[in-house]
Every structure is written in structure tokens, then in C-alpha cells.
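In: Need the 3D shape of this:
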Amino acid sequence: MSPQRAAAGARRRRTKIIATLGPATDSPEVMRRLIAAGVDVVRVNFSHGETSELERRAAMVRELASEAGRHVGILGDLQGPKLRIARFASGEVALAEGDDFVLDPDRDAGSGDGGGVGLSYRGLAADVGPGDVLLLDDGQLELDVVAVDGLRVHTRVRTGGVLKNNKGLNRLGGGLSATALTDKDREDIRTAARLDMDFVAVSFVRDAADLEEARHLLREAGSNALVVAKIERAEAVRDLAPLIQASDVIMVARGDLGVEVGYAELPGLQKRLLRETRGRNRIAITATQMMESMITSPIPTRAEVSDVANAVMDGTDAVMLSAETAVGRYPVQAVEAMGEVCTAAEKHQTQRGRTNHRMDDIFAHVDEAIAMAVMYTANHLRVQAIIALTESGSTARWMSRIRSDIPIYAFTRHEATARRVTLYRGVYPMQFETTHTESALIYRAVFDKLLARDYVSEGDLVIITKGDTHGVSGRTNAMKILEVTRD
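Out: Presented below is the predicted three-dimensional model:
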């Protein structure tokens, strides 16, 4: 795909694309191509790599995005309490149905064999009992708990296979009590603040308190990053409403979540998560194995195409690539393919003028009410663009909750706000600094910027939202319908 075609596609595409950084993206040339292909946010995974390596990657993204005249957000993904077995003396063992196997946190970390293995989580014995089912390696192997002896958990293999070092551990149905934030995560939060990351994802969230702690630590470190709740524990789903309310963004992390709730339940749960997240005016990311085959193949499978398209049509704000871009052979092609699928799916998903979103709500804020009024007006009038003059980006976020094919341009003087809205569906950041206080001159400057980029044409109708008090967040109190003119 040519850079021109990719750039044009990114402008038309409403759903945002997140690409995970890794060895496959470490070349500046590859990163330039990813940005040209339209990546909106990059994910830095704190589970892999030294801090210096993460710093280098973040700095490269900032530099190359600026060079390309683009705003690209950075999402720092905390490792969380990933529960893993330890290592085997031979690197792996083959377990067969009916074999006895012991999980023992006191066992030497490198001495595992066919009879048992060490464990990183010392609380497992307190969380499980006979009859529970433990899942290893993303559910590839299943163990029935038969007895608990002190810290040792005795199991019998239900579904066997080859088990390798350091594989993850889950309990079917959830219920493991490990806290969401580890000491490593707390240190990584400080690193995320120092690197001015735009989003920080909390792994294995259990409840709203986990998110409140992460937010407090971020603010204490001087960061205004948005907090992402990764839904990958079964217990998180049981009390979803307060958890969504405490977050800024929800990530449907389908790997561990699918293991804990069962793969057959996952599609329906994904739809529910996307629906409830949008209904509460939060941002939604769909992640894990979206184009997994593109780790080694230059084109996705038809099943992967359908998976991505369905997430888009269900209203996700963003879709995320993980190993496809971090370690895959075709990182740029993966972003390009994802973009093409999103754009095609959006043609069938838009419900312009037909939504009942929040029709019965009482709005708590003036700027929130303005945002809703704008979208209903735009969806019933031949409006070509919506322009939000914004400090924090909140007006644009509220607008983006309404399904529409009308682009929303977030004009802001703040680089941090411009990067934040890169995750909002249908919202496009525009750096905008003006010394004008007279409305007519501000509108003229807005028109000139949009006309110069061919985003609108002379004679188009647009809606502009602004506040009477310039430079104050949360003071949007007016909307105006204007016809685009040239000087």
C-alpha cells in the first residue's frame, strides 16, 4: 500500500488502531512506515524489556510522529500479577491425561519435572480446593485439583500436552486473590509518568479500588494519563458497572478473560462489555489475537477479518495488535490490513440519525449537554464536520459516543489533549493555537486550517463548539452552525 493511500485511509477510518512495540518495530524505518500506515496509539508493554529499552522506544515514537506531523498516543501496559509456573530442568515436560502433578511455590525455580513444578504465586493454595480446575498456558492444559497440602496444590491432569517454562496459570471461573498492582507496577507507574505516557493500563483488575489506587499513584507522580481497566478476570465481570465508572478506558483483554470464563462465553461477553462501556461514556479497546496469523503471514485469515469487523460494528473505539507488530514478520502490513477491515466494516455499522443513546438521561454538565445536542443536530442535518474547540478533550469524547459518520475535529492548544483523543472513535486531533478572542477570527482560522487539508470544502455546513471562557477546561457552553467560506 502506498503512503498516500494509507494516509487517506487513516483519515476516513473512525476506529483507532493500537500497535504494540517490540523488536519488530525497533527500526526507525519500520516505525515511520507504521505511522504512515495510520497507527493511532502505540502500546509499550512493561512485561517485556528493560526500562531503558522502553524509554528509547517511547522517545522514537515521539520524535518520528512529530517529524510526520502526526499525533500518536502512547499506552503503557502494566504487567500486573501474571501468575506463572516456574521452569523445568529440561525446559519442558509432556503431561498426559491422568498424570499426577504438583504445584509447589517452595520448589526450586528451575527444578520442574513430570511430577511437578515451582510457582510464582504463594497464595494459590488458599484460593483453591478439591474440584477446582486450573488452566495452564492460556487454557491449553487443564488440571483438576485433588488436594491441598500446606502450600502444595496436588492436581490430576484432565487435558494434557507439552508444558513449557513460565507459562501462565488461571482458575476456571476466576477467584484467584492476587492484587492487581504489584511493587513492579508501582515503579512502572512512576516511569510512565516520567515518560509522559498518555494511557496506563492496569492488568488483572478485580474492582474499582484497583483503578482508584492506580489513578492516585499516577496523579501523585504528576501524570494526567487516562486509566485503562483490562478486563481479564472473571470476577471483574460480575460487578462491571462500578468498574467501568472508575475507569477512563476499558480493554476487552480476550486472552486471560477467555480462559477464565470459557471461550464459548467470550463473544457474548465482548458484546456486553462494548455496549456497557459506550453506554457509560467510556472508551473501549478490543484486544488479543485479532490478526494472530499475521505474525507469520502477510495476509489475515477470513476468520480474523470477521472478528475485527464484528468488533467495529459492535462499537469498539479501538482495536489492538499485540505480537503481530511486536515480534511479527509483517508489522506494517498488519496495521494496513487492520485499517482496511475497519474502514470497510464502518460502512455497514453507522447508524446516522437513528440512535437513542442517552435519550432519557439528565445531563450533569453543560458541556456534556452541548455535545449531545451537537450530535443529534448533525445527524439530522447535512453537516460535513464537527469542530470542538477543547482544552481537555471531554466534549469530543462525549460526541464520539454517538454513532455517526461525521468526522469530529478536536482543535486544541495542548499536545497532551491532542494525543489523548487519538483513542476516541471518530475524533481527529488538530493542534490549534490562536491569540484571537473574537469569534469571527477564530472561525476564520479554523476554516483556513480545514480547507488547507481538504477536510472540508467551501459551502459545507459545519458545527463548532466553544466556551465563552478561553483556556478553561470544562466550559464549553455554545454550539454554532456555520457555512465554510474562504477569505
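In: ranges for the helices of the stretch 151-300 of the chain?
Out: 183-194, 208-220, 234-238, 240-246, 254-261, 266-279 (DSSP state H, counting those that start in this stretch).
In: Single out the most deeply packed of those.
Out: Among the helices of the stretch 151-300 of the chain, helix 254-261 has the highest mean neighbour count (mean count of other CB atoms under 10 Å), at a mean of 23. For the C-beta atoms, the positions are set from N, CA and C on the backbone; glycine is no exception.
In: for the record, mean pLDDT for stretch 104-123?
Out: Averaged across stretch 104-123, the pLDDT comes to 94.
In: Can you tell me which residue is spatially central in this structure?
Out: For the chain, residue 285 is the residue whose C-alpha lies nearest the centre (CA atoms, centre = their mean; 4.0 Å).
In: Bridging across strands, which residues link to that residue?
Out: Beta-bridge pairing for residue 285 (DSSP bridges): residue 251, residue 318.
In: Just confirm it contacts residue 247, I think it does.
Out: No: using CB atoms under 8 Å, residue 285 is not in contact with residue 247, being 11.0 Å away.
In: shared neighbours of these two, which are they?
Out: Common neighbours of residue 285 and residue 247, counting by CB atoms under 8 Å, 6 or more residues apart in numbering, are residue 228.
In: hang on, the earlier thing: of all the helices of the stretch 151-300 of the chain, which lies closest to residue 135?
Out: Smallest distance to residue 135 across these (CB to CB): 5.1 Å, for helix 254-261.
In: which residues does the nearest residue to residue 21 once chain neighbours are set aside contact?
Out: Distances taken as CB to CB, 6 or more residues apart in numbering place residue 57 nearest to residue 21, at 4.8 Å, with adjacent residues excluded. The contact partners of residue 57, by CB under 8 Å, 6+ apart, come to 21, 25, 26, 42, 44, 49.
In: which SSE is residue 57 in?
Out: Using DSSP states H and E, residue 57 sits within helix 51-67.
In: What residues of that helix count as buried?
Out: For helix 51-67, the neighbour count (16 or more other CB atoms under 10 Å) marks 54, 57, 58, 60, 61, 62, 64, 65 as buried.
In: Check stretch 454-462 too.
Out: Going by neighbour count (16+ other CB under 10 Å), the buried part of stretch 454-462 is 455, 456, 460, 462.
In: For residue 39, which residues are in contact?
Out: When contacts are counted by CB under 8 Å, 6+ apart, residue 39 touches 17, 18, 19, 72, 335.
In: what do you get if the cut-off is 6 Å, keeping everything else the same?
Out: By CB atoms under 6 Å, 6 or more residues apart in numbering, the residues touching residue 39 are 17, 19, 335.
In: Now, those that are in helices?
Out: Secondary structure from DSSP state H places residue 335 of these in helices.
In: Nearest to residue 216 among the contacts of residue 39?
Out: Nearest to residue 216, judged by CB to CB, of these is residue 19 at 29.4 Å.
In: So in terms of bridging, what pairs with that closest one?
Out: On the basis of DSSP bridges, residue 19 is bridged to residue 42, residue 321.
In: one step back: restricted to buried residues, select the contacts of residue 39 in ChimeraX.
Out: The buried subset of the contacts of residue 39, as determined by 16+ other CB under 10 Å, is captured in ChimeraX by this line:
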select :17,19,335
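In: got the contacts of residue 39 as a markdown table, with distance to residue 206 columns?
Out: As requested, the contacts of residue 39 are exported to a markdown table (distance: CB to CB, whole Å):
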| residue | distance to residue 206 |
| --- | --- |
| 17 | 29 |
| 19 | 28 |
| 335 | 33 |
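In: Same list (the contacts of residue 39) but as TSV, adding pLDDT and distance to residue 183.
Out: Compiled in TSV, the contacts of residue 39 are given as follows (pLDDT from 0 to 100; distance: CB to CB, whole Å):
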residue	pLDDT	distance to residue 183
17	98	33
19	98	29
335	98	35
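In: still on that earlier bit, and the buried residues of stretch 454-462 as a markdown table, adding distance to residue 483 and secondary structure?
Out: What follows is the buried residues of stretch 454-462, written out as a markdown table (distance: CB to CB, whole Å; DSSP: H, G, I helix; E, B strand; the rest coil):
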| residue | distance to residue 483 | secondary structure |
| --- | --- | --- |
| 455 | 15 | coil |
| 456 | 10 | coil |
| 460 | 7 | coil |
| 462 | 8 | strand |
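In: ok, of those, which one's closest to residue 369?
Out: Comparing those against residue 369 with CB to CB places residue 462 closest, at 19.9 Å.
In: Point out where the stretch 201-350 of the chain drops to low pLDDT.
Out: The model of the stretch 201-350 of the chain has pLDDT under 70 over residues 349-350.
In: what do you get for the stretch 1-150 of the chain?
Out: In the stretch 1-150 of the chain (pLDDT under 70), the answer is 1-11.
In: And the helices in it?
Out: 3-12, 28-37, 51-67, 124-127.
In: ok, back up a step: where's the residue nearest to residue 21 relative to residue 332, distance?
Out: Distance, residue 57 to residue 332, by CB to CB, to the nearest Å: 16 Å.
In: Excluding chain neighbours, give the residue nearest to residue 433 in space.
Out: For residue 433, ignoring the flanking residues on the chain, the nearest one in space by CB to CB, 6+ apart is residue 413 at 4.6 Å.
In: I'd like to know how many residues surround that neighbour.
Out: 15 (other CB atoms under 10 Å).
In: And it, what's its pLDDT?
Out: 93.
In: isn't it right up against residue 431?
Out: No: with contacts counted by CB atoms under 6 Å, residue 413 stays clear of residue 431, the gap being 7.4 Å.
In: May I see the contacts of residue 57 organised as TSV, with distance to residue 255 and neighbour count added?
Out: TSV is the format used below for the contacts of residue 57 (distance: CB to CB, whole Å; neighbours: other CB atoms under 10 Å):
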residue	distance to residue 255	neighbour count
21	18	27
25	21	24
26	24	14
42	19	26
44	18	26
49	19	16
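In: Same list, the residues you listed, but as TSV with distance to residue 445 please.
Out: As requested, those are arranged in TSV below (distance: CB to CB, whole Å):
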residue	distance to residue 445
21	36
25	36
26	39
42	31
44	35
49	43
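In: remind me which residues of the stretch 351-487 of the chain are low pLDDT?
Out: In the stretch 351-487 of the chain, residues with pLDDT under 70: 351-362, 468-474.
In: Mind doing that once more with 90?
Out: Low-confidence segments of the stretch 351-487 of the chain (pLDDT under 90): 351-373, 375-381, 392, 398, 401-405, 433-439, 466-478, 486-487.
In: ok, which stretches of it are helices?
Out: For the stretch 351-487 of the chain, the helices defined by DSSP H, counting those that start in this stretch cover 366-378, 394-400, 415-420, 439-452.
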